[in-house]
Every structure is written in structure tokens, then in C-alpha cells.
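Enquirer: I need the structure of the sequence given here:
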Amino acid sequence: MQLINPYLTTEHREEIIDKLINIPFSYKKLTEGNFEFFQKLVKGEDYFDKKLQTYKKAYLIAEELKKNDFSFVQQFKVKKQTSEEEFVVFDLVLFINGIPLTIIEVKN
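Expert: Take a look at the predicted model:
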């Protein structure tokens with residue numbers, strides 16, 4: 001996100017990421033949550049600039065594909081929220097600009 005929004009402060013990045021990962025999902029409204037997440041990725045996310053006293057937009061994915069950072073991580077380990085010692089391990093995770101977008105489980 002910093003590469004395509006070099007003007008963002010650490011505080012702004014954290015605010016935007018918090019908004020992105022805290023979209024309320026429920027089983028009844030999964031498609032609505034997915035659509036909202038997609039809109040934030042494509043259209044950007046607003047944040048408040050305290051110095052300028054105005055709202056600005058930060059983009060999560062650049063329109064030009066080559067400006068984005070794509071990476072795959074094998075055996076991506078995530079700590080469970082319910083336990084300090086338990087982890088979930090995903091086979092492959094696709095990140096775009098540091099945002100995990102796709103999880104792939106590989107079967108033999």
C-alpha cells in the first residue's frame with residue numbers, strides 16, 4: 001500500500017487496514033461482505049487527514065498491474081484468535097500489496 005500511496009503515514013495505513021479487515025461478515029450476508037471488500041480494493045478507502053482537515057482516498061490496488069506487488073507464500077502460518085498456542089497453516093496464500101486475497105489448499 002505504501003508504494004502506491006507514498007504520502008500515507010503509518011497511522012493512516014493502520015486505520016485503512018483496520019477498516020479493511022473489520023468488515024462485518026455473517027453467513028446470511030456473505031455476498032454483501034465480499035462485495036464491500038471488493039469495492040474497497042478497487043475504489044480505494046477514505047481516511048481523514050488531520051493536518052489538512054479533509055478526507056482523502058488511499059488505493060489498495062493500483063490500476064496498472066505492474067505497479068502492484070504480487071507474492072505467493074507457501075505454508076503460511078496464522079495464530080488462532082482463540083488460542084495462544086494453536087495455528088492454522090495454509091498451503092499457498094496470494095498477497096497483493098501485502099493484502100492476503102486468495103488461499104489455496106493443495107491436495108495430493
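
Enquirer: Could you pull up phi and psi at Phe72?
Expert: Phi and psi for Phe72, reported as degrees, to the nearest 10, are phi -110, psi 140.

Enquirer: who's in contact with it?
Expert: Counting by Cβ atoms under 8 Å, 6 or more residues apart in numbering, Phe72 makes contact with 92-95. To be clear about C-beta, it is placed using only N, CA and C from the backbone, and glycine gets the same treatment.

Enquirer: So which of the residues you listed wins on neighbours?
Expert: With neighbours taken as other Cβ atoms under 10 Å, the top of the contacts of Phe72 is Val93, carrying 17 neighbours.

Enquirer: and that one, what are its bridge partners?
Expert: Under DSSP bridges, the beta-bridge partners of Val93 are Val73, Ile103.

Enquirer: do the same with Val78
Expert: Beta-bridge partners for Val78, by DSSP bridges, are Val88.

Enquirer: burial count for it?
Expert: 12.

Enquirer: you'd agree it is up against Val88?
Expert: Yes. Counting by Cβ atoms under 8 Å, Val78 does reach Val88; the two are 5.1 Å apart.

Enquirer: Give me the below-cutoff pLDDT ranges for the chain.
Expert: 23-28, 83 (pLDDT under 70).

Enquirer: Sketch out the helices for it, chain order is fine.
Expert: Along the chain, counting by DSSP state H, helices occupy 10-21, 30-43.
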